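A.B. asks: Sequence below, structure please.
(one chain, ligands or ions: 1)
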Amino acid sequence: MDPIRFEYGVVFLLDQRLLPVEVKYMECKSWQEVAAGIRDMVVRGAPAIGASAAFGMALAAKQWSSVDSERFFAGLEEAAKGLKATRPTAVNLAWAVERMLNVARTQRGVAPREIADILDAEARRIAQEDIAVNKKIGDFGAGLINDKARILTHCNAGALATVGYGTALGVIRRAVAHGKEVHVFADETRPYLQGARLTAWELHRDEIPVTVIADNMAGFLMKQGKIDVVIVGADRIAANGDVANKIGTYSVAVLAAAHNIPFYVAAPYSTFDLAIKSGEQIPIEERCETEITHFAGRRIAPEGIGCYNPSFDVTPANLITAIITEFGVIEKPDEERVRQFFAEAGHEA
Ligand SMILES: CSC[C@@H](O)[C@@H](O)C(=O)COP(=O)(O)O
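C.D. replies: Predicted structure coming up:
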């Protein structure tokens, strides 16, 4: 089960809106179709939308490959703008699009058809790297999990949210592979239900024990001593270690701190936005009110009421025990530690 499949000139996105009931792929032959797939949540999860956008750029290059160089680059810029505008919070999207554009720019003067082939290869590289990066995150994270652990996770930071394996669920998969006995509690994650529909589905398929709870139950379980550790993914991490993730993550972090439970975030370098100093600068996507007012296609709140649907929240760094990356673990993150960590890893800090 791959969330994204790619053949030259066609991208197949696993339609996550239909899971867990139906497994069906959406076929995209243009960057516009990929953009629609990202916007409409056919594909979701920060690294997955980044890789999809990279493939979208590869499709754009192919779409424009028979025109002259000037029009080719104008077409690429248009696609980049359109893809980046689809979802504002996860920085992996802009990161992947910029990486594709930069590769194209280094090839100015080369025939568009050849650049299209180069971009096709680059998109595949981004996808392959993502899986390798998740496995490294898993290796570092598994070391933080006890031999027996009851783990709470929020939203879906699994194989479905990436190109494969997962960030937070990658840590869990690695812990299981190392013989650890884990039991996962998955917050259902209102309003879009990524936890109940996607996390539960992929863990169950892997025979990793999972129990779904409604979001408002997490505190009660912690109070009862039923949660040993929390692991979540991230959509954007500011230089000071503040983490934007699915709405409800902040509440879980506050609860974990109140119950002295370690709270880990698992995310790759591509999720860090070191250009912004704090989480206050992270744009928060607001989604349509029917996600709140309707359930399974049926109205559950009266007509005419007010509605507010922010899709992400920001957990301040001081509530985070550590951030697990592909280069290692950043304990008690703050701006100095984050920048020094990436400088030592040889990355822009
Ligand atoms: C590994 S992807 C980021 C995740 O941690 C996930 O929790 C998340 O917030 C995804 O949001 P989504 O709105 O489903 O795209």
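A.B. asks: Compute the first-to-last residue distance for stretch 306-321.
C.D. replies: Counting by CA to CA, to the nearest Å, you get 36 Å between the two ends of stretch 306-321.
A.B. asks: before we move on, what about stretch 210-219?
C.D. replies: Per CA to CA, the first residue of stretch 210-219 is 18 Å away from its last.
A.B. asks: Now do the buried residues in that stretch.
C.D. replies: 210, 212-213, 215, 218-219 (16 or more other CB atoms under 10 Å). In this view, the C-beta of every residue, glycine as well, is placed from N, C-alpha and C.
A.B. asks: which ones are touching the residue in the chain that the ligand sits nearest to?
C.D. replies: Going by CB to the nearest ligand atom, the ligand is nearest to residue 233 of the chain, at 2.3 Å. Shown in contact with residue 233 (CB atoms under 8 Å, 6 or more residues apart in numbering): 45-46, 155, 157, 161, 166-168, 245, 265-267.
A.B. asks: if we can go back for a sec, tell me which two of the buried residues of stretch 210-219 sit farthest apart.
C.D. replies: 210 and 219 (19.5 Å; CB to CB).
A.B. asks: Quick one: list the elements packing against the helix or strand containing residue 171.
C.D. replies: Assigned by DSSP states H and E, residue 171 belongs to helix 168-177. When contacts are defined as 3 or more CB pairs under 8 Å, 6 or more residues apart in numbering; DSSP states H and E, helix 168-177 packs onto helix 112-142, strand 148-153, strand 181-187, helix 200-205, strand 229-232, strand 263-266.
A.B. asks: now, which of the buried residues of stretch 210-219 lie within helices?
C.D. replies: Mapping those onto helices (DSSP state H) picks out 218-219.
A.B. asks: Now mean pLDDT, distance to residue 335 and mean neighbour count too, for the helices and strands packed on helix 168-177, in JSON lines please.
C.D. replies: Shown next, in JSON lines, are the helices and strands packed on helix 168-177 (pLDDT from 0 to 100; distance: least, CB to CB, whole Å; neighbours: other CB atoms under 10 Å):
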{"stretch": "helix 112-142", "mean pLDDT": "98", "distance to residue 335": "21", "mean neighbour count": "20"}
{"stretch": "strand 148-153", "mean pLDDT": "98", "distance to residue 335": "27", "mean neighbour count": "21"}
{"stretch": "strand 181-187", "mean pLDDT": "98", "distance to residue 335": "29", "mean neighbour count": "22"}
{"stretch": "helix 200-205", "mean pLDDT": "98", "distance to residue 335": "34", "mean neighbour count": "20"}
{"stretch": "strand 229-232", "mean pLDDT": "98", "distance to residue 335": "21", "mean neighbour count": "25"}
{"stretch": "strand 263-266", "mean pLDDT": "98", "distance to residue 335": "16", "mean neighbour count": "26"}
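A.B. asks: Distance to residue 223 added to those, as CSV?
C.D. replies: Below are these laid out as CSV (distance: least, CB to CB, whole Å):
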stretch, distance to residue 223
helix 112-142, 26
strand 148-153, 13
strand 181-187, 14
helix 200-205, 23
strand 229-232, 14
strand 263-266, 16
